[in-house]
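Trainee: need a 3D model of the following:
(4 chains)
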There are 4 protein chains.
Amino acid sequence: MNKKKIGIIGATGYTGSELVRLLVNHSGVSIELITSESKTDIRFSDIHPQFRGIMDIQLSSMKTVKDHELDLVFLALPHGISMEFVRDHINSNFKIIDLSGDFRLSSKEAYAEWYKAEHIFPEGLKKAVFGSPEFFREKIKTAHLIANPGCFVTSAILALAPLVKNNLIDNKSIIVDSKTGVSGAGVKATDVTHFDNVNDNFKPYGLKKHRHTIEMQEALTAYTGKELTLLFTPHLLPVDRGILTSVYAQPTGKIDEKSLRQLYANFYSKEPFVRVLDDIPSLKRVRGSNYCDIMVNYDERTNRVFVFSAIDNLVKGASGQAIQNMNLMLGLDESDGLRYAPLAP
Amino acid sequence: MNKKKIGIIGATGYTGSELVRLLVNHSGVSIELITSESKTDIRFSDIHPQFRGIMDIQLSSMKTVKDHELDLVFLALPHGISMEFVRDHINSNFKIIDLSGDFRLSSKEAYAEWYKAEHIFPEGLKKAVFGSPEFFREKIKTAHLIANPGCFVTSAILALAPLVKNNLIDNKSIIVDSKTGVSGAGVKATDVTHFDNVNDNFKPYGLKKHRHTIEMQEALTAYTGKELTLLFTPHLLPVDRGILTSVYAQPTGKIDEKSLRQLYANFYSKEPFVRVLDDIPSLKRVRGSNYCDIMVNYDERTNRVFVFSAIDNLVKGASGQAIQNMNLMLGLDESDGLRYAPLAP
Amino acid sequence: MNKKKIGIIGATGYTGSELVRLLVNHSGVSIELITSESKTDIRFSDIHPQFRGIMDIQLSSMKTVKDHELDLVFLALPHGISMEFVRDHINSNFKIIDLSGDFRLSSKEAYAEWYKAEHIFPEGLKKAVFGSPEFFREKIKTAHLIANPGCFVTSAILALAPLVKNNLIDNKSIIVDSKTGVSGAGVKATDVTHFDNVNDNFKPYGLKKHRHTIEMQEALTAYTGKELTLLFTPHLLPVDRGILTSVYAQPTGKIDEKSLRQLYANFYSKEPFVRVLDDIPSLKRVRGSNYCDIMVNYDERTNRVFVFSAIDNLVKGASGQAIQNMNLMLGLDESDGLRYAPLAP
Amino acid sequence: MNKKKIGIIGATGYTGSELVRLLVNHSGVSIELITSESKTDIRFSDIHPQFRGIMDIQLSSMKTVKDHELDLVFLALPHGISMEFVRDHINSNFKIIDLSGDFRLSSKEAYAEWYKAEHIFPEGLKKAVFGSPEFFREKIKTAHLIANPGCFVTSAILALAPLVKNNLIDNKSIIVDSKTGVSGAGVKATDVTHFDNVNDNFKPYGLKKHRHTIEMQEALTAYTGKELTLLFTPHLLPVDRGILTSVYAQPTGKIDEKSLRQLYANFYSKEPFVRVLDDIPSLKRVRGSNYCDIMVNYDERTNRVFVFSAIDNLVKGASGQAIQNMNLMLGLDESDGLRYAPLAP
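Mentor: Numbers count the residues shown, from 1 in each chain, chains lettered A, B, ... in the order given. Reported below is the predicted structural model:
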């Protein structure tokens, strides 16, 4: 079989290195090109030395993308930069999976409101398919441009979709309390990611205005047809990887835990990467893997539904899900390159 | 001035060693006795070697308590054991501060329901004063027996009291999502505290049935006179110390963030150990200290109030608050022994 | 191709779970049997929930080993238990790779001295081949019983072999200062592995008498024919995985860093899992992978050679190296099941 | 008693905040001035919010130092900046304790060689007293300018001094293998201190050329009169605070462990902050305190002496030792402000 030819635009960040980690064992694709604008004339493994002897490809500018016959490119670029690349290459032969936030929202108005900036390629917003395989699998298969979902968004909508779809909760009562590892803040050293500010510490951030809020709402609405408003609060954990999301909501009617669990099990029964559990999810049970572990609960005493979900923010929350989308888009086995068991301990 | 004579019953755990850490610099008391039933004939610093040269007192059995003219004893014992000691010494001359959960609830019925055991000294439940200085200061001053509050409870009720007292929230809508360091699980090695199960990990536990739930409800009701029901979920952080509690509730009427913050600032303006903040609390800003940092927020978009509070679970959540109570009971300066600035980084 | 049939004796520990993590993606073998004496009638994924949906095989007693036509078994048992199994199955058709320390030493006398116990199957010590592929590859290919090396040993002998083999250092001057992650202490909760005793902490242990000392000496002597004495001191790091070993030694003659690095590069040039570096090794660059990263240095000012090596103690230090041995013994590609890039961050 | 008036020049770093943490409970001094050139018109607690309500002093420029009648100032400045301040204020009435490396070496030549820069105030090198109370107490009492020792240096020389002073080891055989927490790298966010580069990781750095090497050598020579050469290698631990140093050396003659331990106990018997132990030191047993814990060992089999020492790098390794020096210089109780028991867990 001819391997599909892949480009990775943006080598220096964690989503770029994570794509490589997963793709080196993928049987159906080969990495033809990895780009960096700030660092060329060096090898990928010079930036990410864990890849020495594994991926020593020379880095080149994204301008060289036209010199390769690529089937698909991943954009592992900062938001704002991605939209320029998409605008300039939307008519290229290669398909595009954008890992940034640039094409995830429904309209330039929503983008302007939550990103506090003007979108330079609003037509892209219309063309992009939101890359949640569990909700939009058929559209993804034929898409030319995928907006790969945000990490918090993936953890929240997988936890909420069965409830919203089945009208089981008051759509104004939803609280999403997420806790994330530091790699979500990126590879760049900042006060936020300074070891002494994170280690043995814990704190909320991004109160009320985190951009993933609107993305959660829009994705759930797109999938279920229901309007909803949710309050989202992220917190920073002293761990490298992983998001644990706790969702709370008020039921609309009578409900019991056993039926809820059965509903979730049925809902995700065909999904290769969603595991519905009867015991409590944790970050290490999914670390390094593409799984999302989910547990739904009902508390009679207070009449609340609450759901926990756990993902690796760099895998199911970013690069792993991107590869799952790639597999669908290129007609490959959906799980190829993603059959990693979680790394624990 | 004659120093007050203090005994610490139970030397091996973290609340015992934390009492010593704080009391060695207290100007008004001297530690006369530290007991251990499992380990006698050795020194306190043999169990807690950080105290070598600081507190090398010989350990003895709690039976020797009668050989000392003590003014006050701290019970740093497992729950269930504490109630025996209290039953046997309730008429002694020394006052008692119990750091276990044995005397925190209002009735033997509540105890039986949440602790799944019968209380052997229910009269003690009536005599005990709940040791929250912010809410029961006057009663504490004259109390003979103090039930020192649970760590989660302290963080939650300090966050909630201004709202509940002023009828600002729907008392059925309260969600308490707490995240705690490992020292809350005690000094004993278990699967829960095994490094490889905690490090780089995060998970909820104690779903729906954690005993601190009823303690939060009862303490708030005792202070405010209002009934309430709340859903409490603790999570385990990969840190040694600290609790960050996120509280969510639905307002009963019109509300705004600025007034809320002013209300909190006024409410706690005289408190030596509550700091009302305009910026986000975090564990390291209170680590090793007796402070509780609080920030209240209101989100217009979803019409929710949410509050964050941060404490050191071993200090304001246990031994520090116990010393604050001791100071009140013995007529000492309320802050003596507690003037430690937080340890950061 | 017919897949080789594998058994894993001992399911509950980290070496057992790590064998499964790596073998599930191995193209040439299938896991037929996983045993546990303490926990049967449950699935492997009930003990190690990260494997839910990946390895849900029912556990059975090691007595059932005779009911399977196995090609090879791994012993992931505590030392002392392993030697009983080997004694009882040495004439079975299946080959054996023992991950414990039971068959690593040269004689029952050495075993008695360093393990403070009598060896119950000393003939096994003669039959066992020491499973360092870099030094004993040909013997391993035809071995029936492999003693898989200790984790510290692997990191130390890979760092030292080029120096000792080439008579470059005084064999009485060697100091091995190793730092290990907590998973090396096993899955069982003890005071040593209690989170609060490890987190934000660091300490040496096992002074002068750690059993890996003699194993290092004997392995190097077996490979090089030279006698040597070394001082080994392990330290406990607040990390899950990884060993970083710092080796110091006095040169016998004139030496320079550039030649030393070339010597190392040549020495390991054909090795699939040894990477000789010009920059500093670290744990995260090998985490989850079978690589050993090595950097050799020479300090003119003090006339010392010093070498750093980094491995993942559960992979190259245990289960990964065991699979490398298995591949050699079964005639498979030496790298199969081991092509994992390191997990960073 | 009139309190002595203190200034802290340089507010933003960890040594500055640690000085404040310790001094707020000092009975003999008051902080009159804290300076910052980059951040004025804000309060100290705006930069270090853990001090809210504890130290809310307004920051001002170091130029205002002349407006205060100060008894002593601490320089918590980057090296290079400190020497300018000292040059400009060497004739002021206040004494100076410099926490940077600017005045620790013996000569401008040594400075030029190891710091790769020219010293702008070489006379200061002659005037400065090296601030190790254990070795230079009498000189410190009358000094006008103190060069406060480096953190690694303190841990190494306290471990080595009894051996060198008594001619017990070959002074060319010394190996110093140190492991430090991240706060030693300072408050500024860099790739080195990026959480994802440190957490669950471990690595050596600063090979052969770390500036503390020459400082160790010179300090030991100044105290003992012996020449020596040592190889120093620091490693970076995923912890906030603490240095654990492992020292190895070859004995010059016959030696035994019992006598060595007695020698160390005698050597430091009068020291308030050195604890000679028979059991293994660790970081958490000194965290937050001014103690240095030391254990000396002898291995007969390999004929090596090895010593472990543990300090908190920000306390005994910086600000605590600076306060110990201040107490000596101002005729105060040497332990005042330093009676903190270690924070564990």
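Trainee: pull the contacting residues for the residue nearest to residue A:142 when sequence neighbours are not counted.
Mentor: Distance criterion CB to CB, 6 or more residues apart in numbering or on different chains; nearest residue to residue A:142, sequence neighbours excluded, is residue A:329 at 8.0 Å. Just so you know, the C-beta spots here come from the backbone N, C-alpha and C atoms, and that holds for glycine as well. Applying CB atoms under 8 Å, 6 or more residues apart in numbering or on different chains, we find residue A:329 in contact with A:72, A:95, A:97, A:140, A:141, A:142, A:143, A:146.
Trainee: same check on residue A:317?
Mentor: So residue A:317 contacts A:150, A:151, A:152, A:154, A:155, A:184, A:243, A:311 (CB under 8 Å, 6+ apart).
Trainee: returning to what we had before: let's have the contacts of residue A:329 in JSON lines, adding pLDDT and neighbour count.
Mentor: As requested, the contacts of residue A:329 are arranged in JSON lines below (pLDDT from 0 to 100; neighbours: other CB atoms under 10 Å in any protein chain shown):
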{"residue": "A:72", "pLDDT": "98", "neighbour count": "22"}
{"residue": "A:95", "pLDDT": "98", "neighbour count": "20"}
{"residue": "A:97", "pLDDT": "98", "neighbour count": "27"}
{"residue": "A:140", "pLDDT": "98", "neighbour count": "21"}
{"residue": "A:141", "pLDDT": "98", "neighbour count": "15"}
{"residue": "A:142", "pLDDT": "98", "neighbour count": "10"}
{"residue": "A:143", "pLDDT": "98", "neighbour count": "21"}
{"residue": "A:146", "pLDDT": "98", "neighbour count": "29"}
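Trainee: tell me which entries of the residues you listed lie within strands.
Mentor: A:72, A:95, A:97, A:146 (DSSP state E).
Trainee: tell me the one of the residues you listed nearest chain D?
Mentor: Using CB to the nearest CB, residue A:97 comes nearest to chain D of those, at 23.6 Å.
Trainee: what distance do you get for the closest one to chain B?
Mentor: 28 Å (CB to the nearest CB, to the nearest Å).
Trainee: tell me the residues of chain A that contact chain D?
Mentor: Selection of chain A residues close to chain D by CB under 8 Å from any CB of the partner chain yields A:14, A:182-183, A:187-191, A:193-196, A:198-200, A:238-240.
Trainee: rewinding a little: can you redo the ones in strands among the contacts of residue A:329 as a markdown table with distance to residue D:316?
Mentor: Shown next, in a markdown table, are the ones in strands among the contacts of residue A:329 (distance: CB to CB, whole Å):
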| residue | distance to residue D:316 |
| --- | --- |
| A:72 | 57 |
| A:95 | 60 |
| A:97 | 53 |
| A:146 | 56 |
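Trainee: that older thread, just the residues of chain A next to chain D that are near chain B?
Mentor: Among the residues of chain A next to chain D, the residues that sit close to chain B (CB under 8 Å from any CB) are A:196, A:199, A:200, A:238, A:239, A:240.
Trainee: just the buried subset of those residues, please.
Mentor: Listed as buried from these are A:196, A:199, A:200, A:238, A:239, A:240; burial here means 16 or more other CB atoms under 10 Å in any protein chain shown.
Trainee: was I right to think the fifth one contacts residue B:198?
Mentor: In this case it means residue A:239. No. Judged on CB atoms under 8 Å, residue A:239 makes no contact with residue B:198 at a distance of 10.1 Å.
Trainee: who touches both of these two?
Mentor: residue B:238.
Trainee: how about the strands in chain A?
Mentor: Under DSSP E, chain A gives strands at A:4-9, A:29-35, A:72-75, A:95-98, A:129-130, A:145-147, A:174-180, A:203-204, A:230-236, A:243-249, A:274-276, A:292-299, A:304-311.
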